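Student: I would like the atomic coordinates for the input below:
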Amino acid sequence: MRFLTSALFAATLISLSAQAPPAKLTGKQIYTLHCSACHQMDKVQVGPSLVEIAQLYRGKQADFIKWCLNPLPHKRKNGPQMPAMIQLNEADLKLVYDHLMFATKGKKQAKEKKGDSFPETLSARPLVQRMFLDHSGPASIAVALPGDLNLCWDAGACRLRYLWKGGFLNAFPYWQGNGNSLAQLKGDKILAEEQSPLPFLAFGKPKFLGYSMKDGLPTFKYRVGELEVHERFEAIPDGFSRSFTFKNAPSELLLEFQKSDKFTYSSESGPWTSNLLRATTTAPVVIQYKLTQ
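Tutor: Below you'll find the predicted structure:
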C-alpha cells in the first residue's frame, strides 16, 4: 500500500519539476528562522551576540561560512558547542553574513551580568530550544508544549524523533560540557517514531526551510523537490494534535503512523485502516493523539 502511494507521489514529483522554484528568503528571514533562538544583537543568550560575531568575521565571509558549516575547534571556553548549520547552503549563509554585517553597524556589546549566564533547567512553557539530544541528529529542536508533553524534532531529517512526558530539559550538562554532552530529559519517553508518516521522504533528502512561531510554538517547514510541508504540534486535553499542511501535493496521501500502546489516533481528514490514514490534502491534515493512560 505504501508502495502504491509512493508511486503516485513520484509521478506528482515529475509533473511538478517544471514549476518555478519557491521564493528565496532574505538574509534577515534566514537569521530569524535558524539563528535568532541562540544569537541576539548585543548580548550572550546561548551563543555569542551578533556584535561579537561581526567583530570576529567582518571582512572574512569565507571564514564565517566555513565556521557555520563546521564549527570546530570550539572557540568559547564557557559556552556550548555550536551545532553545524547543515540545513543551510553557502548561498544562504552569504545572505546571513550580509545581514549580520549590516545589522551590527554602529552597535556595541551590552555589559554582561556577573554569574552563570546559563540556567540549569528550562521550565517555561511553551518553549523552543535548539539542543543536542540523544537518539537524534545534531540539528535537534526541543519543544515544550503547554502541559507536560515535550518533543524532539530533528531538523536534519525533517521529522519527529520522540516525545516525553514530564519536565522539559536539564541543559546544565550540555552547557557546562561546552556542547560535548547531551541535555537530559526531565521525564520519560512515551513515543518514538522510526520514520516519518509521510511517504514522499523516500524520494530524496528533505530540505529544512526553518520554522515560524505562533503562540510560542513552532511550525516546522521543509521541502522535497517542489513539495512543501508545514508541520505543527499543539497541546490538547489528554494529548496533542499534529497537523500537516501541504503545498503542491497529490489530493490524497497515505500516511503511516507509528504503532503505540500509549496513544490512540483520530482524524477527520480521511478514513483509517489500523495505523494508516488515507488523508485528503486539500485542507490541513490534523491528527489527534490521545493518551491511553
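
Student: What strand or helix carries the residue lying closest to Met85 once chain neighbours are set aside?
Tutor: Counting by C-beta to C-beta, 6 or more residues apart in numbering, Cys68 is the residue found nearest to Met85 once chain neighbours are left out, at 4.5 Å. All C-beta atoms are positioned from the backbone trio N, CA, C, and that covers glycine. Here Cys68 sits within helix 61-69, counting by DSSP states H and E.

Student: follow-up on the earlier one: any idea how far the residue nearest to Met85 is from Ala103?
Tutor: When distance is defined by C-beta to C-beta, to the nearest Å, Cys68 is 16 Å away from Ala103.

Student: Show me which of the two is the more surrounded one.
Tutor: Neighbour tally, Cys68 and Ala103, criterion other C-beta atoms under 10 Å: the higher count belongs to Cys68, 21 against 16.

Student: Show the model's pLDDT score for Ser266.
Tutor: Confidence per residue is given as pLDDT, and for Ser266 that number is 97.

Student: who touches it in this structure?
Tutor: Residues near Ser266 by C-beta atoms under 8 Å, 6 or more residues apart in numbering: Trp272, Ile287, Gln288, Lys290.

Student: which residues pair with it across the strands?
Tutor: With beta bridges defined as DSSP bridges, Ser266 has these partners: Gln288.

Student: where does this structure dip in pLDDT?
Tutor: 1-23, 37, 45-46, 74-80, 112-123, 174-180, 200-203 (pLDDT under 70).

Student: what's the single longest strand in it?
Tutor: The strand that spans the most residues within the chain, counting by DSSP state E, is strand 159-170.

Student: Against which helices or strands is it packed?
Tutor: Strand 159-170 is packed against strand 121-122, strand 127-130, strand 140-144, strand 149-154, strand 184-192, with contacts defined by 3 or more C-beta pairs under 8 Å, 6 or more residues apart in numbering; DSSP states H and E.

Student: Show me what the helix holding Cys68 is packed up against.
Tutor: Taking 3+ C-beta pairs under 8 Å, 6+ apart as the contact definition, the neighbouring helices and strands of helix 61-69 are helix 50-57, helix 90-103.

Student: Not counting its own residues, what contacts that helix?
Tutor: Taking C-beta under 8 Å, 6+ apart as the rule, helix 61-69 contacts Ile53, Tyr57, Ala84, Met85, Ile86, Leu88, Glu90, Leu93, Lys94, Val96, Tyr97.
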